[in-house]
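**Q** 3D, please:
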Amino acid sequence: MELCEGGELLDRILSRGGKYTEEDAKAVMSQVLNVVAFCHLQGIVHRDLKPENFLFTSKDENSELKVIDFGLSDFVKPDERLNDIVGSAYYVAPEVLRRTYTTEADVWSVGVIAYILLCGNRPFWAQTESGIFKAVLKADPSFDEPPWPSLSDEAKDFVKRLLNKDPKKRMTATQALGHPWIKSYKDVRVPLDILMFKLMKGYMRSSSLRKAALRALSKTLAVDELSYLKEQFALLEPNKSGTISFKNVKALNALEYRRMDFDEYCAAAFSVHQLEALDRWEQHACCAYELFEKDGNRAILIEELISELGLGPSVPVHAVLHDWIRHTDGKLSFLGFVKLLHGPSRNLVKPQ
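**A** Numbers count the residues shown, from 1 in each chain. Below is the predicted model:
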């Protein structure tokens, strides 16, 4: 067992008067995110990330950080979800309180730590545990009080994207390492993203119609989004012809695809939900629908669309017809196109 003589991250925060400068916070957050991204790639959810559970190896200002206390951690498969409420009240994610969560819950806790590092206050506070839980579920963290107005827009965007209450729209730990705020600190090595495997598996199991919709949307991605995808693609070691093979990727090698070029990879490996969380989502969707109309849209039967979206019998057929399929030619409407992009919703809950 390794001896860590530098004390807890919490003690360092308190010794600095409750908050860090942006540059010092970047140094801490890059280390925190590296270890969380590594754990998630191994299928491990820590479930109790907080400043008390990060130790410095020495008293040096630039000391390395280590995460401790894996007593509440659990293994989770890419398609599984956990359902037991564990963790520390101030750092618990909304979806944990709703009893359906996975690795994204750790990222929320990292967001709480980042908020505290930058301003010295907790984003959610109450005098009772039930009050804290209510705040986590309903309240939005404040970015109006000092020092937030004096902090960079990138710092605020970084924290906001970690503290998105919708886990599907929240950044992953790996994506957070690639965020401009962290990258401006130093050249951070970005590891493989566990989310990429989930998205690619969903894409490869999709119908040709949904693949066409995703390809159209991928053509609207901005430079920063494409840059992240290029980094991830390179980690999969494409061959000289610019394609990747999944025979050595355990999470994907059982699937029918064996090779994929970068253009198709972009369609497979980006998150529609995360794109939807951005201010420019409407522009992305409208441009993608125009492309889809030219090359991909076709007449679709109502039964086919219901199957595509994994809809249950409770969905009224006339509502689907009215909103998602055009009466004029039987092709997908803009709303139907957006629904198709999101795909079916199927969650498996891991039993306790």
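
**Q** So Tyr115 versus Val32, what's the distance?
**A** 13 Å (Cβ to Cβ, to the nearest Å). Where you see a C-beta, it was placed from the backbone N, CA and C, and this is true even at glycine.

**Q** Let me fix that, I meant to ask about Gln274.
**A** For Gln274, the distance to Val32 - Cβ to Cβ - is 20 Å.

**Q** Tell me where the stretch 151-300 of the chain has strands.
**A** Along the stretch 151-300 of the chain, the stretches classed as strands by DSSP state E, counting those that start in this stretch are 243-245, 259-261.

**Q** Would you mind giving those as TSV with mean pLDDT added?
**A** What follows is those, written out as TSV (pLDDT from 0 to 100):
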stretch	mean pLDDT
strand 243-245	83
strand 259-261	87
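
**Q** could these be laid out in a markdown table, adding distance to Lys134 and mean neighbour count?
**A** Listed next are those as a markdown table, based on distance: least, Cβ to Cβ, whole Å; neighbours: other Cβ atoms under 10 Å:
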| stretch | distance to Lys134 | mean neighbour count |
| --- | --- | --- |
| strand 243-245 | 46 | 18 |
| strand 259-261 | 45 | 17 |
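
**Q** would JSON lines of the ones you listed with distance to Val317 be doable?
**A** As requested, the strands of the stretch 151-300 of the chain are exported to JSON lines (distance: least, Cβ to Cβ, whole Å):
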{"stretch": "strand 243-245", "distance to Val317": "41"}
{"stretch": "strand 259-261", "distance to Val317": "36"}
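
**Q** Now do the same contact list for Lys165.
**A** Listed by Cβ atoms under 8 Å, 6 or more residues apart in numbering, the contact set of Lys165 reads 94, 137.

**Q** For Leu97, see how far away it is.
**A** Counting by Cβ to Cβ, the gap from Lys165 to Leu97 is 11 Å.

**Q** Now the common contact residues for the two.
**A** By Cβ under 8 Å, 6+ apart, the residues touching both Lys165 and Leu97 are Leu137.

**Q** got the CA positions of stretch 233-250 in PDB?
**A** Taking Å, rounded to 0.1, in the frame of the first residue of the first chain, the C-alpha atoms of stretch 233-250 are listed here in PDB:
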ATOM      1  CA  PHE A 233     -10.100   7.600 -33.800                       C
ATOM      2  CA  ALA A 234      -6.300   7.800 -33.700                       C
ATOM      3  CA  LEU A 235      -6.300   5.900 -30.400                       C
ATOM      4  CA  LEU A 236      -8.100   3.000 -32.200                       C
ATOM      5  CA  GLU A 237      -5.000   2.800 -34.500                       C
ATOM      6  CA  PRO A 238      -6.300   3.100 -38.000                       C
ATOM      7  CA  ASN A 239      -4.400   1.300 -40.700                       C
ATOM      8  CA  LYS A 240      -2.700   2.900 -43.700                       C
ATOM      9  CA  SER A 241      -6.000   3.000 -45.700                       C
ATOM     10  CA  GLY A 242      -7.500   5.100 -42.800                       C
ATOM     11  CA  THR A 243      -9.900   2.500 -41.500                       C
ATOM     12  CA  ILE A 244     -10.200   0.900 -38.100                       C
ATOM     13  CA  SER A 245     -10.800  -2.700 -37.200                       C
ATOM     14  CA  PHE A 246     -12.700  -4.000 -34.200                       C
ATOM     15  CA  LYS A 247     -11.100  -7.400 -33.900                       C
ATOM     16  CA  ASN A 248      -8.900  -6.200 -31.000                       C
ATOM     17  CA  VAL A 249     -11.600  -4.200 -29.300                       C
ATOM     18  CA  LYS A 250     -13.300  -6.500 -26.800                       C
END
